[in-house]
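K.L.:
can you look at this prediction? I've put the sequence above it.
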Amino acid sequence: MIKEHNELQEESTGNWWQNAVVYQIYPRSFQDSNGDGIGDIQGIIQRIDYLAKLGITAIWLSPVYQSPNDDNGYDISDYQEIMTEFGTMADMEELIQKAEEVGIKIIMDLVVNHTSDEHRWFVEARKSKNNPYRDYYIWRDPVEGKEPNELRSIFSGSAWQLDEETGQYYLHLFSKRQPDLNWENQAVRKDVYAMMNFWLEKGIGGFRMDVIDLIGKLPDDMLTANGPKLHTYLREMNQASFGKYDVMTVGETWGATPEIAKLYSDPKRQELSMIFQFEHMGLDQQEGKDKWDLQPLSVEKLKEVLSKWQTSLGSQGWNSLFWNNHDLPRIISRWGNDRDYREKSGKMFAILLHMMKGTPYIYQGEELGMTNRPITSIEEVEDIESVNMYNERLAAGHSEEKLIHSINVKGRDNARTPMQWDDSKNAGFTEGTPWLPVNENYHEINAEKALENPDSIFYTYQKLIQLRKEYPLIVWGDYELVNTTKAEVFAYYREYKGERWLIAANFSSQSHTFELKDTVQELIISNSSSVSFASSSIQLKPYDAWVVRV
Ligand code: NOJ
């Protein structure tokens, strides 16, 4: 479909992706249709009705391309073939088509900072220094017999790997089986854009761009994110591929500030639709340290960060709203309470986020209130990031117990356990042996049960999505944080064309009072059966959340 306009915030209509609600599918763990223990595309097709019932309008599909699965598909060996375990290109085309029939667009994951070491380009590149593909990757001579510099991989250890055959090091910001592409090379860029056009021609709804902030790196200067040519490349990409289509593009950018966000998403600059930034997600890690170095969450800080993003983009950007994805622990286990208030806190997170301005993303199972799955030994861990971190820190003298604890709190497998569909064996995910064990709590937490219970988290999500479709205020309204006496009470207003809504949420397992300054006209949604607005001192029980028109 050819694009007609590109303005942000066009009154009450806007771009389709400003009105969208995205659901992320991690295909490996969503639904297996052939009993091999691995989710697949036919499995997704079987569940389209479920997604349509939830009401979402786009799917961000984690990578389904051919891959040796060193990093579960984020290491691509062929961008134009489907991973054998997931199905065929015909299955993929069927998925695009069947989803479209119910108003759902498919957003493909675009992983072009790196490829797999099994990609044809890399297989060629490593053959010799003068292979035509050599310059598709980043090679450096050893310095004094060692790595060219101190650059570290995000998956632990050096970012440089020696290629014995040719005596040079290649760069890998992730695993050594994920060599970084050399974006300086025009031929690389041309091939990537051609591949993007191949997918756009199939009628997809856009791209989620994996670690896109890294493509302009200057490894010799130890600079990885936000390199000098990053935005030149994105503008070039826009012109050479998706700019001609009415699609959404969302860039994964870990360290972005609102100022940086505008560089990507100011419509005048013709780069991306929006970015996926993580500032709020870093609040439970110690400053200057990495994700494994934990600290308690400050709700005050969370309010500050989310409010800053709500108010600072103006017409030069658009927010992605999320609590979860395939790299993050489950939010109920992380900042909620997965023992005594699982349902209540799950709904609280949903209400708080879905009333904000931006495009909401729901990660598979979030709508069921799925939780982390604790492990007791490293043998149970599949995720390469956790395994590498464990090995490196164990060798450096950290205690095993502490490392297992960090993995239980922050490890990526927490989000990747199979989707819990029903109470049958393996939660209805597979008839075989699941590639990663199902969380044992599936007898209680599963889609079938949620659908039978009108009070389930699922229906809170369904209602929130429905409200977003009905009320332009949710999409376009201004945001204003409310100062509350209790740090744990998070409240804000949304205002649009003279209408004002108040959203309040108790982010804790204690009761708190909220001083109401407005007259309540109508209760829009709440996760509590007993909330009363009779007096101006409102009792918020643990994890209570509600939205009212004032
Ligand atoms: C970010 C992805 O979300 C993550 O899962 C992956 O491991 C890295 N990028 C490398 O592609």
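P.N.:
Structure received.
K.L.:
any residues touching the strand or helix carrying Tyr50, and which ones?
P.N.:
Element membership for Tyr50 (DSSP states H and E) is helix 48-54. Contact partners of helix 48-54, identified using Cβ atoms under 8 Å, 6 or more residues apart in numbering, comprise 23, 59, 98-99, 102-104, 362, 367, 447, 451, 458, 461-462, 465. C-beta: built from backbone N, CA, C; applies to glycine.
K.L.:
just the buried members of the residues you listed?
P.N.:
Using 16 or more other Cβ atoms under 10 Å as the burial test, those include 23, 59, 99, 104, 362, 367, 447, 451, 458, 461-462, 465 as buried.
K.L.:
list the contacts of the residue of the chain found nearest the ligand.
P.N.:
Minimum separation of the chain from the ligand (Cβ to the nearest ligand atom) falls at Tyr74, amounting to 3.4 Å. By Cβ under 8 Å, 6+ apart, the contact set of Tyr74 is 62-63, 67, 109, 111, 174, 178, 210.
K.L.:
so which of these reach the ligand?
P.N.:
Among these, proximity to the ligand is found for 111, 174, 210 (Cβ under 6 Å from any ligand atom).
K.L.:
quick check, pLDDT for Val112.
P.N.:
Listed pLDDT for Val112 reads 98.
K.L.:
and the gap between it and Leu214?
P.N.:
As for Val112, its distance to Leu214 is 10 Å (criterion: Cβ to Cβ, to the nearest Å).
K.L.:
try Asp422
P.N.:
As for Asp422, its distance to Leu214 is 40 Å (criterion: Cβ to Cβ).
K.L.:
next: Gly251.
P.N.:
For Gly251, the distance to Leu214 - Cβ to Cβ - is 11 Å.
K.L.:
quick check: end-to-end length of stretch 494-508?
P.N.:
End-to-end distance for stretch 494-508: 23 Å, by Cα to Cα, to the nearest Å.
K.L.:
figure out the helix or strand that Gln97 lives in.
P.N.:
Taking DSSP H and E as the criterion, Gln97 maps to helix 89-101.
K.L.:
what is that helix packed up against?
P.N.:
Packed against helix 89-101 by the contact rule (3 or more Cβ pairs under 8 Å, 6 or more residues apart in numbering; DSSP states H and E) you find helix 41-46, strand 78-82, strand 105-110.
K.L.:
just the CA trace of that helix, in PDB.
P.N.:
The C-alpha trace of helix 89-101 is given here as PDB (Å, rounded to 0.1, in the frame of the first residue of the first chain):
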ATOM      1  CA  MET A  89       7.800 -19.300   2.800                       C
ATOM      2  CA  ALA A  90       4.300 -20.500   1.800                       C
ATOM      3  CA  ASP A  91       3.400 -20.600   5.600                       C
ATOM      4  CA  MET A  92       4.800 -17.100   6.000                       C
ATOM      5  CA  GLU A  93       2.700 -15.800   3.100                       C
ATOM      6  CA  GLU A  94      -0.300 -17.500   4.500                       C
ATOM      7  CA  LEU A  95       0.300 -15.900   7.900                       C
ATOM      8  CA  ILE A  96       0.500 -12.400   6.300                       C
ATOM      9  CA  GLN A  97      -2.700 -13.000   4.400                       C
ATOM     10  CA  LYS A  98      -4.700 -14.600   7.300                       C
ATOM     11  CA  ALA A  99      -3.600 -11.900   9.700                       C
ATOM     12  CA  GLU A 100      -4.600  -9.200   7.200                       C
ATOM     13  CA  GLU A 101      -8.100 -10.700   6.900                       C
END
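K.L.:
residue contacts, Met108?
P.N.:
61, 64, 199, 204, 206-208.
K.L.:
could I get the phi/psi values of the residue of the chain closest to the ligand?
P.N.:
Dihedral pair for Tyr74: phi -80, psi 10, per degrees, to the nearest 10.
K.L.:
in strands, which of the contacts of Tyr74 fall?
P.N.:
Asp109 (DSSP state E).
K.L.:
please name the nearest non-neighbouring residue to the residue nearest to the spatial centre of the chain.
P.N.:
Nearest residue to the geometric centre of the chain (Cα atoms, centre = their mean): Asn325, 3.9 Å. Leaving aside its sequence neighbours, Asn325 sits nearest to Tyr363 (Cβ to Cβ, 6 or more residues apart in numbering; 5.2 Å).
K.L.:
how about Ala261?
P.N.:
Counting by Cβ to Cβ, 6+ apart, Ala261 lies nearest to Gly317, which is 4.8 Å off, once chain neighbours are set aside.
K.L.:
next one: Arg468
P.N.:
Excluding its sequence neighbours, the residue lying closest to Arg468 (Cβ to Cβ, 6+ apart) is Ile474, at 4.8 Å.
K.L.:
could you look up the SS state of the one you found?
P.N.:
Assigned with DSSP: H, G, I helix; E, B strand; the rest coil, Ile474 falls in the helix class.
K.L.:
burial check on it, number of neighbours?
P.N.:
Using other Cβ atoms under 10 Å, Ile474 has 22 other residues around it.
K.L.:
can you check the one 10 residues further on too?
P.N.:
By other Cβ under 10 Å, the residues close to Thr484 number 19.
K.L.:
quick one on the thing from earlier: among the contacts of helix 48-54, which lie within helices?
P.N.:
If you go by DSSP state H, the contacts of helix 48-54 have 98-99, 447, 451, 458, 461-462, 465 in helices.
K.L.:
want to throw these into CSV with pLDDT and distance to the ligand?
P.N.:
Formatted as CSV, the ones in helices among the contacts of helix 48-54 follow (pLDDT from 0 to 100; distance: Cβ to the nearest ligand atom, whole Å):
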residue, pLDDT, distance to the ligand
Lys98, 98, 26
Ala99, 98, 22
Ala447, 98, 24
Leu451, 98, 29
Phe458, 98, 25
Tyr461, 98, 22
Gln462, 98, 27
Ile465, 98, 24
